[in-house]
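K.L.:
sequence and predicted structure, then a few things I'm wondering about:
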Amino acid sequence: MSNFFRRNGDADLESELRHGRSEPRPEFLAMMSDRVRSARRRPARPALRLGFAGAITAATLVALASMGGLSYAATAIQTAAATVTHVVTPSKSAVPSSAVSSAQDQYGKKVSICAVGPNGKQHTITISKNAAPNYLRTHPDAFLGSCGAFRPHGAKANVCLFKNGKFVPVFVPPGRVNSYLSRNPKSHTTKTGKC
């Protein structure tokens, strides 16, 4: 097909150049074949190869050390060991499993917390499961779970929480009242729902 698009002058020139090319002399061919055979028979130098490999290894180690690659590798090993320890050792989480639904545990990794605002009103917030222990530690007036989830219909406030210099009535699940009062020392229980 390529000959179809060529001009006749180009094809004639090409065939003329092919016929007119020179052939190498037999002495030159013999010399080249002897040189190739002797290069194949030459024994390999293992010491040179080992030296070259050692030099490349040393250069790589120096380059890694200068960029901190060895410390990155050491840190990766420590992190892997800590992860294995964390997976194998049972954790002592401040989040009870009853407060986390299976859907939250599988998908959301979120928990509900009943928080008390500056005005004393309780409201439910949703935060990361990992942030819950820290939030509960820094907000002793909050407890884990939705504000309405543990409160029976029509139940009155059962704790007088000391907040901003005054007492405000809040509802705390009966099983958590003692721990709630220990975290909020000036607070006390109430039977009337008023403080």
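P.N.:
Right, received. Where do you want to start? Owing to the predicted nature of the structure, the values given are computational and were not obtained by experimental measurement.
K.L.:
ok, and what's touching stretch 20-28?
P.N.:
Around stretch 20-28, nothing counts as a contact under CB atoms under 8 Å, 6 or more residues apart in numbering. For glycine as for every other residue, the C-beta is placed from the backbone atoms N, C-alpha and C.
K.L.:
so for it, mean pLDDT?
P.N.:
What stretch 20-28 shows for mean pLDDT is 83.
K.L.:
next one: stretch 168-182
P.N.:
Stretch 168-182 comes out at a mean pLDDT of 87.
K.L.:
check the offset of that stretch from the chain's centre.
P.N.:
38 Å (CA atoms, centre = their mean, to the nearest Å).
K.L.:
which residues touch it?
P.N.:
Defining contact as CB under 8 Å, 6+ apart, one finds that stretch 168-182 is touched by 116, 119-120, 122, 141, 143, 145, 147, 150-151, 155-161, 187-190, 193-195.
K.L.:
just the terminal-to-terminal distance for that stretch.
P.N.:
End-to-end distance for stretch 168-182, by CA to CA, to the nearest Å: 17 Å.
K.L.:
one step back: in PyMOL, select just the buried ones from the contacts of stretch 168-182.
P.N.:
Applying 16 or more other CB atoms under 10 Å to those, the buried members can be selected in PyMOL as follows:
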select buried, resi 116+120+122+141+143+145+147+150+151+157+158+159+160+161+187+190+195
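K.L.:
out of the contacts of stretch 168-182, list just those in strands.
P.N.:
Counted as lying in strands by DSSP state E, out of those, are Val116, Gln122, Phe143, Val159, Cys160, Leu161, His188, Thr189.
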